[in-house]
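Q: coordinates only, sequence not included:
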RNA sequence: GCGCCCGUAGCUCAAGGGAUAGAGCAUCGGCCUUCUAAGCCGGGGGUUGCAGGUUCGAAUCCUGCCGGGCGCGCCA
């Protein structure tokens, strides 16, 4: 059950070759969805230029050679040379039925299967996650799911910040609190408080700062006692992460965590290799690489500092080691870094240096999957009422609370009696889904305004709207069961008599293309947009086409099959975005 | 100063170089004895920041401005 677009493109390409010769077989037929027909092909105008003929003549020649008798019921040339294609109803019916028995729901495999590393989330040890981690985590999660859906092998990598100078102060603070035993007592309270307290002491107590600096040396020297303390902090953090990811419904697990410490043992080798090969050189006492095309404030070459003056390694070295590991050891052919756009220059430099060093050679490539910031209603970076960074757990809890309140309000309005426990069980899927959809529905490169009212409102283009459409379909099946009506059998014939039925059927056929496009462009908002369109097509159908009270049994079964397929596509599509689809709302 | 990103309806956002730039919110008007009204149907609302250029065709590509955000040598 090929996507109609692909099928039409094939036929059009053949028609172009037949009309103008094999030289033109590579012409993109430019098949798009159309407002005036089901699809339109926009190739005639461009072709006319090359052929030095009138566009409409070109379109006519293409249409004369076009064999779509089994696919289209109408082919028209309009305007300057648009070819408008209307699918035969029978074709849509047949394809929809085929889709219903296709496990993948029409999602095609990517042309080339690749091993893709997706680096996302990247929280820090002994520090709570905040809104800044929200986008990386949910965009990365959606991309990982999308890439797997089209057949790629995805390796999730959570680049945990678990190494570096802050650990001196963190470990010393832990010692002050009673060392590893402190963990038994309330897991050190709130991680955010723990980090803040350590920072305050470091800044205000010179003796503590000295201890902290000595502790860093011990840590890097591999002192067993220090490492045990360090491990305690790691363990506590992992627990915090597991809780947060669980609440967020994100697929990251402990096994995906490969923190900065993992690369520690490789840093000297990375630096030595670059230095030996003359790629890096000592400059002001630091080991630097000057990739071409990067300049500092004064227009002078900008270095990537591999090793600092004091002999220590910074994050550039770690990033280089991680990149080398991912291509050299994990044998990934594509590396995705789901990191905020402020890091663009740093990552570009890392990629440039890796290319020079030969760790990144075509067709293997690295891409910065950048994203904009989350803004408050004042259009500035989202802050809490107290003006502090918003903790991610707080944000998620508020989402759940608000969803619960929204449900309660709606129950009252509709006069529905539902016990609080059932409501509370439902609230996380809705609240978290609303947050995720609001984020993923925007083009990731842009900043977006975070607005509770908007994302959870009882109406509008939101996660709850999509979930509601899905729940309403499931409700039909519950009702059907009560009335003793069996769910549609496999291979049930789908008839698309009403305009709303036809529109829904056609929309369903586009799922595979939407997923593929979303995966290929690394833009989850394409899929988010498609799912909204699908939900809209369904609700229009729902309003005008009674299912259980359809005119006859054949129509009823056809509509049931259409409903089942729609519910499956909605649920699968939402799942690819990491959003749950509850059975009822 | 240099570099990257953004600028589309009152607000929040869509729109593979294609026809009359679309949704949601807000606003105005309709639709619940019928499968969930968190819904559906319809109306009004635009010089796509500005000015050039490329093209049969530009919100989209190029150049220059204007406005906003971010980054620019030892933090990550």
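A: Right, received. Where do you want to start? A quick note: this is a predicted structure, and the numbers were derived from the prediction, not measured. Numbering: from 1, shown residues only, chains lettered A, B, ... in the order given.
Q: RNA strand B contacts on the stretch 301-450 of chain A?
A: A:302-303, A:305, A:308-310, A:312, A:314-315, A:318, A:341-346, A:372-373, A:375, A:379, A:381, A:403, A:406-407, A:410, A:413-414, A:430, A:441-443, A:445-449 (Cβ under 7 Å from any atom of the strand). Using the backbone N, CA and C atoms, a C-beta is placed for each residue, glycine as well.
Q: go again with 6 Å.
A: Within the stretch 301-450 of chain A, the positions near RNA strand B by Cβ under 6 Å from any atom of the strand are A:302-303, A:305, A:308-309, A:314-315, A:341-342, A:344-346, A:406-407, A:410, A:414, A:430, A:442-443, A:445-446, A:448-449.
Q: measure residue A:20 to residue A:271 for me?
A: Distance from residue A:20 to residue A:271, counting by Cβ to Cβ, to the nearest Å: 58 Å.
Q: what parts of the stretch 1-150 of chain A come near RNA strand B?
A: Counting by Cβ under 6 Å from any atom of the strand, the stretch 1-150 of chain A sits next to RNA strand B at A:5, A:30, A:32, A:34, A:36, A:40, A:42, A:45-46, A:49, A:78-80, A:82, A:84.
Q: how about residue A:24, nearest residue that isn't a chain neighbour?
A: Leaving out its chain neighbours, the residue that sits closest to residue A:24 by Cβ to Cβ, 6 or more residues apart in numbering is residue A:16, at 5.1 Å.
Q: so residue A:170 touches residue A:195, yeah?
A: Yes - look at residue A:170 against residue A:195 with Cβ atoms under 8 Å: they come within range, at 7.1 Å.
Q: between the two, what contacts are shared?
A: residue A:126 (Cβ atoms under 8 Å, 6 or more residues apart in numbering).
Q: who's more crowded, these two?
A: Taking neighbours as other Cβ atoms under 10 Å, residue A:170 and residue A:195 compare with residue A:170 leading, 25 against 20.
Q: next secondary structure after the helix or strand containing the more buried one?
A: Per DSSP states H and E, residue A:170 falls inside helix A:166-176. The helix or strand immediately downstream of helix A:166-176 is helix A:191-204, counting by DSSP H and E.
Q: hmm, who's touching that following helix?
A: A:126-128, A:169-170, A:172-173, A:176, A:188, A:208-209, A:212, A:236-237, A:240, A:391.
Q: what's the lowest-pLDDT member of those residues?
A: Within the contacts of helix A:191-204, pLDDT reaches its minimum at residue A:188, with 55.
Q: correct me if wrong: residue A:356 contacts residue A:293.
A: No - counting by Cβ under 8 Å, residue A:356 does not reach residue A:293; the two are 11.6 Å apart.
Q: these two: which is more packed in?
A: residue A:356 (17 against 10).
Q: okay, and which of the residues of the stretch 301-450 of chain A next to RNA strand B map to helices?
A: Using DSSP state H, the subset of those located in helices is A:315, A:344, A:345, A:346, A:406, A:407, A:410, A:414, A:430.
Q: most neighbours of all those residues, which one?
A: Neighbour counts for those (other Cβ under 10 Å) peak at residue A:430, which has 27 neighbours.
Q: which residues touch that one?
A: A:403, A:406, A:407, A:456, A:463, A:464, A:467, A:582, A:585.
Q: so the first one is in which element?
A: Under the criterion of DSSP H and E, residue A:403 resides in helix A:392-414.
Q: which positions within that helix qualify as buried?
A: For helix A:392-414, the neighbour count (16 or more other Cβ atoms under 10 Å) marks A:392, A:393, A:395, A:396, A:399, A:400, A:402, A:403, A:404, A:406, A:407 as buried.
Q: do you know the pLDDT at the third one?
A: If I follow you right, that is residue A:395. 95.
Q: look up how far residue A:401 lies from it.
A: Residue A:395 is 11 Å from residue A:401, where distance means Cβ to Cβ.
Q: quick check: next helix or strand after the helix or strand bottoming out on mean pLDDT in chain A?
A: Using mean pLDDT, DSSP states H and E, helix A:191-204 stands out as the lowest-scoring helix or strand of chain A, at a mean of 85. Sequence-wise, the next helix or strand downstream of helix A:191-204 (DSSP H and E) is helix A:206-221.
Q: can you list contacts of that next one?
A: Helix A:206-221 has contacts (Cβ under 8 Å, 6+ apart) with A:165, A:167-169, A:171-172, A:201-203, A:225-227, A:230, A:264.
Q: report all helices and strands that the helix holding residue A:403 contacts.
A: On a contact count with 3 or more Cβ pairs under 8 Å, 6 or more residues apart in numbering; DSSP states H and E, helix A:392-414 meets helix A:131-149, helix A:224-248, helix A:420-440, helix A:452-456.
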